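Undergrad: sequence and predicted model, in that order:
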Amino acid sequence: MNRLFLRGLLIDWDRIGAGSYLRHIPALSGLEELRFSAPVTFFVGENGSGKSTLLEAVAVSCGFNPEGGTRNYRFSTYDSHSELCGAVRMIRGARREKGGYFLRAESFYNVATAEEEYSRGPGGVPQEFHFKSHGESFLALVQRNFRGDGLYLLDEPEAALSPQRQLALMAEIRRCTDAGAQFLIATHSPVLLGFPGAEILSFDDGRIHSCAYEDTESYQVTKMFLDRREQMLRELFGETEA
């Protein structure tokens with residue numbers, strides 16, 4: 001039995017303008033249906049490949065605030081989400097999540113501010129995220145808000161985290177998936193991509209396709225740099241050996 005909350009998505013291109021920039025993103029332009037097969041699905045690809053755009057559309061379609069937070073968050077500092085949000089329809093599983101969170105690195109400051117304000121209401125406990133470092137507050141928010149049987153969408157979470165804290169995030173993800181949670185994560189991190197049993201969907205090569213961990217550009221470039229650092233730097237800087 002497929003126990004995923006989200007089994008996939010459909011895109012109705014009739015709801016997207018003929019001149020929309022979305023039609024010029026190769027990985028998205030021909031996409032009509034996408035399926036998910038694991039509790040943790042990674043979106044990978046070069047900048048501008050469409051992974052964050054699609055993740056945002058999924059989040060909005062699922063009822064989350066475009067800038068992040070839970071479904072109860074309704075703040076907005078800049079209305080920038082694309083029309084893809086109105087064209088995506090989710091393919092739901094038999095189960096329904098009991099909670100969830102949309103967390104994106106670029107708007108984390110705004111989410112942390114909203115979290116502080118909301119927690120000052122009746123029964124709330126202020127978390128004072130702005131008194132912690134970016135990485136500390138990011139991980140504290142995950143530990144406080146992420147639970148089993150929840151749906152969690154993360155956009156480039158590694159931007160806030162050191163390699164050690166990325167490992168700590170992996171442990172939190174494992175804690176939640178063991179209790180029935182589902183994650184969709186857009187990332188460039190070769191650390192996070194190593195999560196066991198995850199499905200990796202690449203947005204490169206003009207289409208969305210499954211990809212092995214060792215075939216991701218994040219892994220290959222990082223491994224190449226670690227194995228041949230001096231040679232790569234010489235080539236990068238246009239230097240020749242003496």
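TA: Perfect, thanks for sending it. Numbers count the residues shown, from 1 in each chain.

Undergrad: which non-adjacent residue is nearest F64?
TA: Leaving aside its sequence neighbours, F64 sits nearest to F102 (CB to CB, 6 or more residues apart in numbering; 3.9 Å). Bear in mind the C-beta positions are built from the backbone N, C-alpha and C, glycine included.

Undergrad: can you give me the pLDDT of the one you found?
TA: On pLDDT, F102 comes in at 93.

Undergrad: over to A105?
TA: On pLDDT, A105 comes in at 71.

Undergrad: how many residues are close by the nearest residue to it once chain neighbours are set aside?
TA: Closest residue in space to A105, ignoring its immediate chain neighbours: A159 at 3.7 Å, by CB to CB, 6+ apart. Neighbour count for A159, taken as other CB atoms under 10 Å: 16.

Undergrad: from F5, how far off is A159?
TA: 25 Å (CB to CB, to the nearest Å).

Undergrad: likewise for E32?
TA: 21 Å.

Undergrad: likewise G238?
TA: Taking CB to CB, one finds G238 at 50 Å from F5.

Undergrad: who's more crowded, the two?
TA: The neighbour comparison of G238 against F5 (other CB under 10 Å) goes to F5, with 22 against 6.

Undergrad: show me what contacts that one?
TA: F5 sits next to R92, G93, R95, R96, E97, L151, Q182 when contact means CB atoms under 8 Å, 6 or more residues apart in numbering.

Undergrad: can you say which of those residues are buried?
TA: G93, E97, L151, Q182 (16 or more other CB atoms under 10 Å).
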